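Novice: build me a model from this:
(chains A and B)
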Amino acid sequence: MASVESQSGDVIVFTPKASKPPPPTTVGVLGWLRENLFYSWFSAIVTFAALYLIFITFAALYQWGIADAVWEAESRRQCLDASPHGACWAGIIVWFNGIIYGRFPLDEQWRVDLGFILLVLWLAPFWFPRLTGKIGIGITAVVFYPFLAGYLFAGGERGWFMQTMVLLAVTVFITNWLHIVVSMVTGRSLREWVVGVTGFADKHERLHKYPMLGFQGIVLIGVYLWLGNWSVSEVNTNLWGGLFLTLLISVLAIVTALPGGVALALARRSHMPVIRVSAIAFIELFRSVPLITVLFMAVTMMPLFLPPDFQLNKLVQAIIGVCLFAAAYMAEVVRGGLQAVPNGQYEAAKAMGLTYWKSMNLIILPQALKLMIPNIVSNFLGLVKDTTLVSIIGLYDMLLMLKAAGQNPIWIGLHTEPLVFGAIVYFILCFAMSQYSQALERKLKTTR
Amino acid sequence: MSEEVVLSGGEEHIASAISEEVVITFEDVNKWYGEFHVLKDINLSVRKGERIVICGPSGSGKSTLIRCINRLEPHQDGHIVVNGVNLDANVKNIDAIRSDVGMVFQSFNLFPHLTVVENCTLAPMWVKKMPLAEAEQIAMKYLERVKIPEQAQKYPGQLSGGQQQRVAIARSLCMNPSIMLFDEPTSALDPEMISEVLDVMVELAETGMTMLCVTHEMAFAKKVADRVIFMDFGEIVEENAPDEFFGNAKVDRTQLFLSQILAH
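Specialist: Here you go, the predicted structure:
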């Protein structure tokens, strides 16, 4: 201290004050209650009135749905005899299989389950920490899985193309999982492991792809010997229905909407007039027309544009319609996200010599997609619910199966319970998606 | 501009290493934004190793001038030749020039979704096809040069403005450019952070890098510049050695500008 004074006279040393805790009545549960529910006499009265309203609503729901409900009955008549003012869940239990699988033959329903389980297994690695090659796994899921699932659901004879795709899909599925197992055990990717085992490690890096290709070839031959003659009986798409059909259409629409939307949005921002004008025309046309019109067009008019010996079935036509419609909507969401990325990011990417596609893939789209998550997910939710419209063109999706329950002679008049059940199923689906998107947003949140 | 920024290493002008080779040539360059004539008959040649500071009031076309060098802005008339390559609509030429000309922006423009080191390795890996390990090694070398190797794993949003701008300089250097362009690199910074960025730029100048710098930091100009260019209304009004420029400006417009920014 003496030395400081001797050099510069009276120096005042500045020390910041220590932080103090806030007053206790403003924080914690008590503080929250005081702040939000009992701030004044008036707000206390409103709080109690609201609590009473909530109570009577839930009491009535409980009385109808649980206390007075009938769980076992042979017909709606029996339900009404047992409890005239309660819910008849017995009808839902009887119709449950139909609501989930539509009219898919009972003995073949394992194929639907298997297809669903395969999809979950295929995508599960995305949630594994510290696994490389996730993007590759995602791409194989989009490219190969649909053929495997399509054959599982439809069955019948396989042409050479379907045979190839199904066998490739199984091969890729197996190598994906071998990759995961090898990564977990050795910490190296399957490729590195195969290269090491075959002794290619000290050869030039350009040769490293051959042992991996050879390995996949061997797996493919194995799969051919195993499944080459395997087949399942044909199930006509008229019989597909229920929640299965709803999910099938939604998942296909979601999977195609995002890449389609990105492509359309980029096209709409293109400097090339032909591309830009076509994109604008497509987007505006599909956005200005109700989905139901698109569906009718797809089913009744699309066959007129196709060669006469090339007829698609009604389901495929409807799916194409939904996918185009979804892509047009998604395009505008993506365009909004692209516009939200500051211009400086485009300039910085350009100034470093990145080409258009590289700067899009590495810089712009990752940021734009992150910004768009809430919008993309609300679009997806809308899509899942919009698929009920296919019931109007006679596809037995979940909504039509629910209505069919109330039209059956034995269960005639059973309308409320199926719709309540349907609402619950849709709520679970959509709420789960919404929660997942919020978790994803939190995970990807980096400070800007 | 209210106070002179103190640069480490004293006031005296650092040694120049200018070769005879001309790396940038502007020949009667004109540019319009719609009807607005933003660059008027620009003639300029820059030799290898030369350090040029460009100043002028806002809207005078100084940023546009240096953004023409890597064709972030296309010019409509005249010729710009960079490293012997004529800049026209040829995409191949433009990409080649851009990977050899580094640029630092006023608003940093770091990629917020990538860590500091990923920001630095991205262009070497995707433009020059460099393997990851080598790119990271180079990135760390330049992050050390700008004195923030310890921030390598952070995201840009977690850094202060001065640190972000130094990362941006390191990111450009990772491409091993022969020319560096600075577009008002300190204008978006708090006063306390300006000198840390300028110090890095002075050190860069000492390595003999060809630099074009739009800035109003006159202390930096006096110390580093081989030539100062004053622009207004899209024209080069005066072009002079720093001593002459600051002590004995020839044009009245330059004198007025200097008296305004040095008056405080």
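Novice: could you use CA atoms for every contact and neighbour count after this?
Specialist: Will do.
Novice: which residue packs closest to A:Asn176, ignoring adjacent ones?
Specialist: A:Ile137 (6.8 Å; CA to CA, 6 or more residues apart in numbering or on different chains).
Novice: mind listing what residue 38 touches?
Specialist: Went with chain A since none was named. A:Ala44, A:Thr47 (CA atoms under 8 Å, 6 or more residues apart in numbering or on different chains).
Novice: looking at chain B here, not the other one
Specialist: Applying CA under 8 Å, 6+ apart, the residues contacting B:Val38 are B:Asn30, B:Lys31, B:Trp32, B:Ser60, B:Gly61, B:Thr64, B:Phe233, B:Gly234.
Novice: Provide the strand pairings for the helix or strand encompassing it, with the direction of each partner.
Specialist: Using DSSP states H and E, the element containing B:Val38 is strand B:36-47. Counting by DSSP bridges, the strands paired with strand B:36-47 are strand B:22-33 (antiparallel).
Novice: what's the angle between the next helix or strand along the chain from the strand holding B:Val38 and strand B:36-47?
Specialist: Using DSSP H and E, the helix or strand that directly follows strand B:36-47 along the chain is strand B:51-55. Strand B:51-55 and strand B:36-47 meet at an angle of 160 degrees, taking axes from the mean of the first three to the mean of the last three CA atoms, to 10 degrees as the criterion.
Novice: mean confidence score for strand B:51-55?
Specialist: Mean pLDDT, strand B:51-55: 94.
Novice: give me every residue that touches the spatially most central residue of chain B.
Specialist: A centroid search over chain B (CA atoms, centre = their mean) returns B:Phe182, at 1.8 Å, as the residue closest to the centre. Residues near B:Phe182 by CA under 8 Å, 6+ apart: B:Met103, B:Val104, B:Phe105, B:Met211, B:Leu212, B:Cys213, B:Val214.
Novice: hmm, the second one is touching B:Pro185, no?
Specialist: In other words, B:Val104. Yes - with contact defined as CA atoms under 8 Å, B:Val104 counts as touching B:Pro185 (6.5 Å).
Novice: and the two? which has more neighbours close in?
Specialist: Neighbours were counted for B:Val104 and for B:Pro185 using other CA atoms under 10 Å in any protein chain shown; B:Pro185 has more, 28 against 25.
Novice: helices or strands up against the helix ranked longest in chain A?
Specialist: When chain A is parsed with DSSP state H, its longest helix is helix A:416-444. Using 3 or more CA pairs under 8 Å, 6 or more residues apart in numbering or on different chains; DSSP states H and E as the contact test, the elements touching helix A:416-444 are helix A:89-101, helix A:365-386, helix A:398-407.
Novice: between those, which one is nearest to A:Phe200?
Specialist: helix A:365-386 (35.7 Å; CA to CA).
Novice: coming back round to it: could you give the mean pLDDT of the longest helix of chain A?
Specialist: On average, helix A:416-444 scores 91.
Novice: please point out which parts of it sit buried.
Specialist: A:Glu417, A:Pro418, A:Phe421, A:Gly422, A:Tyr426, A:Cys430, A:Met433, A:Ser434, A:Ser437, A:Glu441 (16 or more other CA atoms under 10 Å in any protein chain shown).
Novice: tell me the SS of A:Ile363?
Specialist: The assignment at A:Ile363 comes out as helix when based on DSSP: H, G, I helix; E, B strand; the rest coil.
Novice: ok, it - how many residues close by?
Specialist: The burial count for A:Ile363: 23, using other CA under 10 Å.
Novice: for it, list the residues it contacts.
Specialist: A:Gln345, A:Ala349, B:Phe111.
Novice: nearest to B:Asn86, of these?
Specialist: For these, the nearest to B:Asn86 is A:Ala349 (21.6 Å; CA to CA).
Novice: and chain A, which residues reach chain B?
Specialist: Within chain A, the residues that sit near chain B (CA under 8 Å from any CA of the partner chain) are A:344-345, A:347-348, A:350-355, A:358, A:363, A:366-367, A:446-448.
Novice: low-scoring stretches of chain A, by residue?
Specialist: Applying pLDDT under 70 to chain A flags residues A:1-9, A:311, A:446-448.
Novice: distance of A:Thr25 relative to chain B?
Specialist: Distance of A:Thr25 to chain B, given as CA to the nearest CA, to the nearest Å: 34 Å.
Novice: check A:Tyr224 too.
Specialist: 38 Å.
Novice: what ranges does the stretch 51-200 of chain B have for its strands?
Specialist: Taking DSSP state E, counting those that start in this stretch as the criterion, the stretch 51-200 of chain B contains strands spanning B:51-55, B:77-82, B:85-86, B:101-104, B:179-183.
Novice: partner strands of the first one, with direction?
Specialist: Strand B:51-55 has the following strand partners under DSSP bridges: strand B:210-214 (parallel), strand B:227-232 (parallel).
Novice: what's the answer for the longest one, then?
Specialist: Counting by DSSP bridges, the strands paired with strand B:77-82 are strand B:22-33 (antiparallel), strand B:85-86 (antiparallel).
Novice: tilt between it and strand B:179-183?
Specialist: Using the same axes, to 10 degrees: strand B:77-82 against strand B:179-183 is 120 degrees.
Novice: CA-only coordinates of strand B:77-82 in CSV, if you can.
Specialist: The C-alpha trace of strand B:77-82 is given here as CSV (Å, rounded to 0.1, in the frame of the first residue of the first chain):
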residue,chain,number,x,y,z
ASP,B,77,-17.9,-1.7,-65.9
GLY,B,78,-14.1,-1.8,-66.0
HIS,B,79,-11.7,-4.6,-65.0
ILE,B,80,-10.5,-6.0,-61.7
VAL,B,81,-7.6,-8.3,-61.8
VAL,B,82,-6.6,-10.2,-58.7
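Novice: can you list the buried residues in it?
Specialist: Buried residues in strand B:77-82, defined by neighbour count with 16+ other CA under 10 Å: B:His79, B:Ile80, B:Val81, B:Val82.
Novice: now the second one: closest residue in space, sequence neighbours ignored.
Specialist: In space, B:Ile80 comes closest to B:Phe26 once its chain neighbours are excluded; the distance is 4.7 Å by CA to CA, 6+ apart.
Novice: hmm, B:Asp77 and that neighbour touching each other?
Specialist: No - B:Phe26 sits out of contact with B:Asp77 when judged by CA under 8 Å, with a separation of 10.7 Å.
Novice: run through who's touching the strand or helix carrying A:Phe153.
Specialist: Using DSSP H and E, A:Phe153 falls within helix A:145-154. Contacts with helix A:145-154, where a contact means CA under 8 Å, 6+ apart, come from A:111-112, A:115, A:119, A:162, A:165-166, A:169-170, A:232, A:234-237.
Novice: A:Trp41 and A:Ala49: what is the separation?
Specialist: 12 Å (CA to CA, to the nearest Å).
Novice: whoops, A:Phe147 was the one
Specialist: Separation of A:Phe147 from A:Ala49 (CA to CA): 57 Å.
Novice: so between those two, which is more surrounded?
Specialist: Neighbour totals were compared for A:Phe147 and A:Ala49, and A:Phe147 leads with 20 against 12 (other CA under 10 Å).
Novice: you'd agree B:Ile94 is up against B:Leu72?
Specialist: No - using CA under 8 Å, B:Ile94 and B:Leu72 do not qualify as a contacting pair, with a distance of 9.5 Å.
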